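In: with the input below, show me the fold.
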Amino acid sequence: MIILDNVHKNYHCNGENLAVVKSANMHIKQGELVSVVGRSGSGKSTLLNLIGCLDTVSTGSIIINKTDVANMDGNEMAELRSQQIGFVFQAFNLIARSNAIKNVEIPMIYQGIKASERVRRAERILEKLNMLDRKYHYPNQLSGGQQQRVAIARALVNEPNLILADEPTGALDVKNARDIMAVFRSLANENKTVVIVTHDQEIAKMSDRVFTMIDGNLVEE
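Out: The predicted structure is shown next:
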């Protein structure tokens, strides 16, 4: 599902060339649940952005589902993101003025899906995540764990093959964090590929494999 071959990412800052990701190599199979751990500033979020086509590599190649994304232009990367990748973030990123079902519908609006189909699909995924009875609740009426389930539903509603999660349990207590990891495990069992960035070693241990970022270098444990 994912192949990184000698990936480098450099940024130019104040006349200096800053290497954030250095010669990263990674092979992830369809249906795997993988975690990337590391200290703040180690490059793990940058790595996730590269895999998610939110940023471009400096050198090397990234293959997503047999497609080389390294040489794609912005429009091609946006199309791949919308069709094949779902994103989950630590801060949930829900729209405060919209209820749960409206938040889940957002990716489908950009796809031009008609309203009745949006509702049907949003209700189906909320039911799968045990949140259908909260569909008319607003974010401030939901617990942190419930908000993250809505965010996951939003990431899944367009049926992507790849789920990328950046510190998805960072704002949750231990119980809710484990519950969210159970959701990711169930997705992997359904043959979806899940890549999680986390600083929490206990959360990482619930994955199939763990990689560590150390000063831009990627090491498999």
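
In: next SSE downstream of the longest helix along the chain?
Out: The longest helix of the chain (DSSP state H) is helix 174-189. Toward the C-terminus, helix 174-189 is succeeded by strand 193-198 as the next helix or strand (DSSP states H and E).

In: what does that next one contact?
Out: 1-2, 28-37, 44-45, 47-48, 51, 161-170, 184, 187-188, 203-204, 207 (Cβ atoms under 8 Å, 6 or more residues apart in numbering). All C-beta spots, glycine's among them, are computed from the backbone N, C-alpha and C.

In: narrow those residues to those that are buried.
Out: Among the contacts of strand 193-198, those that count as buried by neighbour count (16 or more other Cβ atoms under 10 Å) are 1-2, 28, 31-37, 44-45, 47-48, 51, 161-169, 184, 187-188, 203-204, 207.

In: in helices, which of these appear?
Out: Short answer: the buried ones among the contacts of strand 193-198 in helices (DSSP H) are 44, 45, 47, 48, 51, 184, 187, 188, 203, 204.

In: what ranges do the strands span in the chain?
Out: Applying DSSP state E to the chain gives strands spanning 2-13, 16-28, 33-37, 59-64, 67-68, 85-89, 162-166, 193-198, 209-214, 217-220.

In: just the C-alpha atoms of the third one, please, in PDB.
Out: In PDB, the C-alpha atoms belonging to strand 33-37 read as follows (Å, rounded to 0.1, in the frame of the first residue of the first chain):
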ATOM      1  CA  LEU A  33      -1.800  -0.700  11.600                       C
ATOM      2  CA  VAL A  34       1.500   1.100  11.900                       C
ATOM      3  CA  SER A  35       2.700   3.700  14.400                       C
ATOM      4  CA  VAL A  36       5.500   6.200  14.000                       C
ATOM      5  CA  VAL A  37       6.800   7.500  17.300                       C
END
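
In: quick one: mean pLDDT for that strand?
Out: The average pLDDT for strand 33-37 rounds to 96.

In: please apply the same query to the first one.
Out: Per-residue pLDDT values over strand 2-13 give a mean of 92.

In: please apply the same query to the longest one.
Out: Strand 16-28 shows a mean pLDDT of 91.
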